[in-house]
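[1] Following is a predicted model, sequence given first.
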Amino acid sequence: MARGLSDRMAAQLQRQSTALLGGDRAGYLAVAEPAAHADLRRRFAALRALKVTVWRAEPSGLPAPVVGKPGEWRQLVRFQYCFVAPGCQPSPVLIGTRWRENGDQPLLVAMEESKSAETGTRPWEISDLAVAVGARTIVATTPALRGKLPGLLAQAEAAARVADGYVVTGSPPDRYRIFYAGRTEWQRWYGGGRPQWTGGYAVTVGGGHHEVVLNAEGLSSSGTDDLLRHELTHAASLPAGGYPGKLTWWLVEGLAEFAGAGGQPVDRYEGLADVRKLVKGGWDGRLDGVTPADDASAERVGGSYGVGYLAVRHLLDRYGPQRLLAFFKAVVHDRRTLDTAAEEAFGEQWSTLHDECVASIRATAA
């Protein structure tokens, strides 16, 4: 019973996928009951605006009956998607769907929100979206913030040209995916719940892709430029599965801060005052312990990011970008120890280089 029903659901999902890719909204809605149409219309519009080029639906496991609702079944579905670039490695997302038996063609009753602990709900699942597409980026926001799109796209395209220089392995992203969140969306997209000091973040969504989210609240135009360079550099430089953890936070964020600073001299770095306060406030001089807590003050956070920036800047000034990126790859992608990576990339012991970085930071903050 369940196997046959799963096959019939798969056939309906295939029809729906074909309709989505063909721009056929009526066909997309035809597999669903009228009560589901409002949600599906919004999803269809958002995905079409994002220039969906690949959309595959694969049932995961067998459907299970919904308790208390005879004839209704729940089926997990693994959707895979690409935006803009037709040949991309798709990003997967697991979504619960509910169906009602209806002869050979079961009808979709509802599509749930994906709520994976790692990623959370994608914007196109829950929000109306306005979208602008450039040569290297795709920028999406809510209809209320649509007027920001032309400026954001221009800023994103400029940031992408910088971020492309920090690709550690393989090719640059086919398109950097950027979502500009209003107050409500910031709390809902990708699960929300970010530390209060977060202005933006890059989340890995599978298929080697990262999606970047910016918090529209309180972001100035110049701040957006820096933040875009920072977050797109994460998308360019980080491995698909994320990075090893807090001990290498200074390196991951330091590289992104260096890109975000846009080549300005050290004395123009806006976090310098926060670094001074951190260094003079009893910092123990350990790079691996500088990660800020979720409830840290904005000043403490700024100091931590600044320490990472100054450490990376010291290594880059001394050894050049190629050797720095080789070090980054060894530590962040290949999960080598700092000792091994430093010997390979720089021909030095990490303990010596660590102390040099710290001395440089203290001298700059003096």
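    It's in.
[2] Does G87 lie in a helix or a strand, and which?
    Using DSSP states H and E, G87 falls within no helix or strand.
[3] Pull the residues that contact the helix or strand where A154 lies.
    Assigned by DSSP H and E, A154 belongs to helix 149-163. For helix 149-163, the surrounding residues in contact (C-beta atoms under 8 Å, 6 or more residues apart in numbering) are 130-137, 139, 141, 172, 176, 178, 180, 221, 224-225, 228-229, 232-233, 235-236, 259, 262. Yep, even glycine has a C-beta here, placed from its N, CA and C like the rest.
[4] Out of those residues, name the ones that lie in helices.
    Counting by DSSP state H, the contacts of helix 149-163 place 221, 224-225, 228-229, 232-233, 235-236, 259 in helices.
[5] mind checking the SS state of P59?
    What DSSP: H, G, I helix; E, B strand; the rest coil gives for P59 is strand.
[6] ok, it to V31 distance?
    Remark: distance between P59 and V31 (C-beta to C-beta, to the nearest Å) = 14 Å.
[7] Most widely separated two among the ones in helices among the contacts of helix 149-163?
    Between any two of the ones in helices among the contacts of helix 149-163, the greatest separation by C-beta to C-beta is 22.6 Å, found for S221 and A236.
[8] Between these two, which has more neighbouring residues?
    A236 (23 against 10; other C-beta atoms under 10 Å).
[9] how close does the residue lying closest to that one once chain neighbours are set aside get to G308?
    Leaving out its chain neighbours, the residue that sits closest to A236 by C-beta to C-beta, 6 or more residues apart in numbering is A163, at 4.3 Å. Separation of A163 from G308 (C-beta to C-beta): 17 Å.
[10] for A298, same thing?
    Distance, A298 to G308, using C-beta to C-beta: 16 Å.
[11] Which one's more surrounded, those two?
    G308 (28 against 11).
[12] Select only the buried ones of the contacts of helix 149-163 in PyMOL?
    Applying 16 or more other C-beta atoms under 10 Å to those leaves a buried subset, and the PyMOL line that selects it is:
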select buried, resi 130+131+132+133+134+136+137+139+141+172+176+178+180+224+225+228+229+232+233+235+236+259
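[13] any chance of the ones in helices among the contacts of helix 149-163 in CSV, plus pLDDT and distance to G207?
    Shown next, in CSV, are the ones in helices among the contacts of helix 149-163 (pLDDT from 0 to 100; distance: C-beta to C-beta, whole Å):
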residue, pLDDT, distance to G207
S221, 75, 32
T224, 93, 27
D225, 94, 28
L228, 97, 22
R229, 97, 24
L232, 98, 17
T233, 97, 19
A235, 96, 13
A236, 96, 15
A259, 97, 23
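[14] Serialize those to JSON lines and add fields for distance to K69.
    Output for the ones in helices among the contacts of helix 149-163, formatted as JSON lines (distance: C-beta to C-beta, whole Å):
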{"residue": "S221", "distance to K69": "51"}
{"residue": "T224", "distance to K69": "47"}
{"residue": "D225", "distance to K69": "52"}
{"residue": "L228", "distance to K69": "46"}
{"residue": "R229", "distance to K69": "50"}
{"residue": "L232", "distance to K69": "46"}
{"residue": "T233", "distance to K69": "48"}
{"residue": "A235", "distance to K69": "42"}
{"residue": "A236", "distance to K69": "47"}
{"residue": "A259", "distance to K69": "52"}
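[15] Closest one of those to V252?
    T233 (9.7 Å).
[16] Report the contact partners of the closest one.
    Shown in contact with T233 (C-beta under 8 Å, 6+ apart): 162-163, 166, 255-256, 259-260.
[17] what's the farthest-apart pair in those residues?
    Taking C-beta to C-beta as the measure, the contacts of T233 span a maximum distance of 11.9 Å, between V162 and L255.
[18] still on that earlier bit, what is the nearest of the contacts of T233 to G71?
    Closest to G71, out of all of those and judged by C-beta to C-beta, is A163, at 51.0 Å.
[19] and A159, how many residues sit next to it?
    With other C-beta under 10 Å as criterion, A159 counts 28.
[20] show me the contacts for the residue lying closest to it once chain neighbours are set aside.
    Of all residues not flanking A159 in the chain, L228 sits nearest, at 3.7 Å (C-beta to C-beta, 6+ apart). Counting by C-beta under 8 Å, 6+ apart, L228 touches 155-156, 158-159, 178, 212, 214.
[21] same question, R146
    R146 neighbours (C-beta under 8 Å, 6+ apart): A130.
[22] Sketch out the low-pLDDT regions of this protein for me.
    For the chain, applying pLDDT under 70 flags the ranges 244.
[23] Walk me through the domains of it.
    Split into domains by automatic domain parsing, the chain comes to 2-112, 116-240, 243-366.
[24] Can you list the buried residues in the helix holding A154?
    For helix 149-163, a neighbour-count test (16+ other C-beta under 10 Å) marks 149, 152-153, 155-160, 162-163 as buried.
[25] Please name every helix or strand in contact with the helix or strand hosting M9.
    According to DSSP H and E, M9 maps onto helix 2-21. Applying 3 or more C-beta pairs under 8 Å, 6 or more residues apart in numbering; DSSP states H and E, we find helix 2-21 packed against helix 25-29, helix 37-49, strand 52-65, strand 72-83, strand 91-100, strand 107-111.
[26] Relative to C357, which of these is closest?
    strand 91-100 (36.0 Å).
[27] so what does the closest one touch, helix or strand wise?
    Strand 91-100 packs on helix 2-21, strand 72-83, strand 107-111, strand 200-206, going by 3+ C-beta pairs under 8 Å, 6+ apart.
[28] swap the cut-off to 7 Å and go again
    strand 72-83, strand 107-111, strand 200-206 (3 or more C-beta pairs under 7 Å, 6 or more residues apart in numbering; DSSP states H and E).
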